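Engineer: A predicted structure for the sequence below; I have some questions about it.
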Amino acid sequence: MTTSVGPPLVRDVTDEEVAAYVRDGWVSLPGFVDKDLVAEMLAASKSLMGESGADWELRPGVDIDFDLWHDRHFLAREGIEPFRNLAYAPRIGHAAQRFNQRDVAIRHYQDMIAVKPPAGTTSRSKATPFHQDFPNRQFDRVGNVSFWIALEEMPAERGTMRFCSGSHREGSLGHNIGRGPDDPDVHEVYPWLAERCPLSEPRDMGPGDATAHSSLVLHCAPENTTDVPRWVYISMYIPADTLWTGQPFSDAGVQGELVKGQPFDHPNYPVIYP
Ligand SMILES: O=C(O)CCC(=O)C(=O)O
């Protein structure tokens with residue numbers, strides 16, 4: 001039997017990166033994913049969604065139907081490589097566990113390709129508004145970590161994420177996504193927010209660079225003002241002791257197979273670490 005001696009798919013996170021995540025609720029992870037793997041992920045993404053990302057026919061009830069990006073969900077659980085390999089890599093689970101600072105196993109929750117086209121070119125090219133993930137989720141506890149991975153060269157103006165550092169300590173700030181144009185911005189609702197939780201600077205990223213963020217940190221992404229699409233892969237994790245609150249959620253197919261008040265014990269949410 002031969003043993004693979006290829007490069008690791010993702011690198012370990014450092015103590016400094018863990019400290020930054022705990023302090024700010026997010027962290028930048030330069031060179032997180034192996035460059036060759038990222039090139040394969042980009043090629044696979046384009047073969048699924050077309051060169052522009054707009055060729056993918058949204059699957060109702062599966063992919064997210066909104067105006068922020070062209071969405072292709074659940075690659076890992078559908079066995080699509082190389083996404084599955086990366087999403088289920090124990091080392092990425094170890095990183096999520098370190099960010100959470102609890103000795104609890106980590107499940108994969110969901111993943112997606114998020115293609116933000118140049119602003120105004122399709123109906124799915126809006127800026128991602130300020131929001132926390134937590135108020136939109138069906139989890140009874142914190143600890144949901146998202147890795148946002150740039151699949152190619154990405155100047156900030158292509159729509160890389162920005163974060164209100166420290167906002168994960170402010171609790172749940174409301175359901176701020178999918179609201180109407182007349183609804184107040186979260187900064188109007190909480191006038192102290194900008195001073196207490198400064199917005200991170202625009203960030204240029206390269207292929208394989210990532211950010212990781214807590215579901216409680218407020219974040220956004222501007223419109224893509226370049227003339228090529230933004231190709232990003234997002235993979236999310238939860239502590240294995242997270243319980244389902246019973247709140248309906250977008251992964252419609254599995255809800256009959258989960259029990260309210262019990263963990264997400266289901267093949268769609270495999271424990272990947274340890
Ligand atoms: O990619 C984006 O525009 C936003 C992504 C996001 O909100 C998230 O990963 O939680």
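Structural biologist: Perfect, I can see it now.
Engineer: which intervals of the stretch 51-200 of the chain have sub-threshold pLDDT?
Structural biologist: 178-179 (pLDDT under 70).
Engineer: who's in contact with the closest residue to the ligand within it?
Structural biologist: Closest to the ligand within the stretch 51-200 of the chain is residue 128: 3.5 Å, counting by C-beta to the nearest ligand atom. Backbone N, C-alpha and C define where each C-beta goes, glycine included. By C-beta atoms under 8 Å, 6 or more residues apart in numbering, the contact set of residue 128 is 68-69, 116, 159, 161, 219-222.
Engineer: Inside strands: which ones of those residues?
Structural biologist: 116, 219-221 (DSSP state E).
Engineer: Including neighbour count, could those go into TSV?
Structural biologist: Below are those laid out as TSV (neighbours: other C-beta atoms under 10 Å):
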residue	neighbour count
116	27
219	25
220	18
221	23
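Engineer: ok, these vs the ligand, which is closest?
Structural biologist: Looking across the ones in strands among the contacts of residue 128 and measuring by C-beta to the nearest ligand atom, the closest to the ligand is residue 221, at 3.3 Å.
Engineer: Just give the number of residues close to residue 113.
Structural biologist: 27 (other C-beta atoms under 10 Å).
Engineer: again, but for residue 34
Structural biologist: 19.
Engineer: what's the distance between it and the ligand?
Structural biologist: 21 Å (C-beta to the nearest ligand atom, to the nearest Å).
Engineer: Can you name the residues that contact that residue?
Structural biologist: Residue 34 neighbours (C-beta under 8 Å, 6+ apart): 7-10, 208.
Engineer: Show me what from the stretch 1-150 of the chain comes close to the ligand.
Structural biologist: Taking C-beta under 6 Å from any ligand atom, the part of the stretch 1-150 of the chain that reaches the ligand is made up of 68, 114, 116, 128, 133, 146, 148.
Engineer: Of all pairs in those, which one is the farthest apart?
Structural biologist: 116 and 133 (17.3 Å; C-beta to C-beta).
Engineer: Tell me where this structure has strands.
Structural biologist: 26-29, 70-73, 106-116, 128-131, 145-150, 162-163, 210-214, 219-221, 230-239, 271-273.
Engineer: Check which strands are paired with the last one and give the direction for each one.
Structural biologist: Same thing as strand 271-273. strand 106-116 (antiparallel) (DSSP bridges).
Engineer: ok, now the second one?
Structural biologist: Based on DSSP bridges, the strands next to strand 70-73 in the sheet, each with its direction, are strand 106-116 (antiparallel).
Engineer: same deal with the fifth one?
Structural biologist: As defined by DSSP bridges, the strand partners of strand 145-150 come to strand 210-214 (antiparallel), strand 230-239 (antiparallel).
Engineer: Could you dump those into TSV with distance to the ligand added?
Structural biologist: Converted to TSV, the strands paired with strand 145-150 look like this (distance: least, C-beta to the nearest ligand atom, whole Å):
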stretch	distance to the ligand
strand 210-214	7
strand 230-239	5
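Engineer: winner for burial among the ones you listed?
Structural biologist: Comparing the strands paired with strand 145-150 by mean neighbour count (mean count of other C-beta atoms under 10 Å), strand 210-214 ranks first with a mean of 25.
Engineer: Name the surrounding residues that touch that strand.
Structural biologist: With C-beta under 8 Å, 6+ apart as the criterion, strand 210-214 contacts 13, 21, 25-29, 32-33, 95-96, 99, 133, 142, 144-150, 160-161, 163, 168, 203, 219.
Engineer: What number of residues are in the vicinity of residue 95?
Structural biologist: Neighbours around residue 95, by other C-beta under 10 Å: 28.
Engineer: residues in contact with it?
Structural biologist: Per C-beta under 8 Å, 6+ apart, neighbours of residue 95: 10, 12-13, 145, 147, 212.
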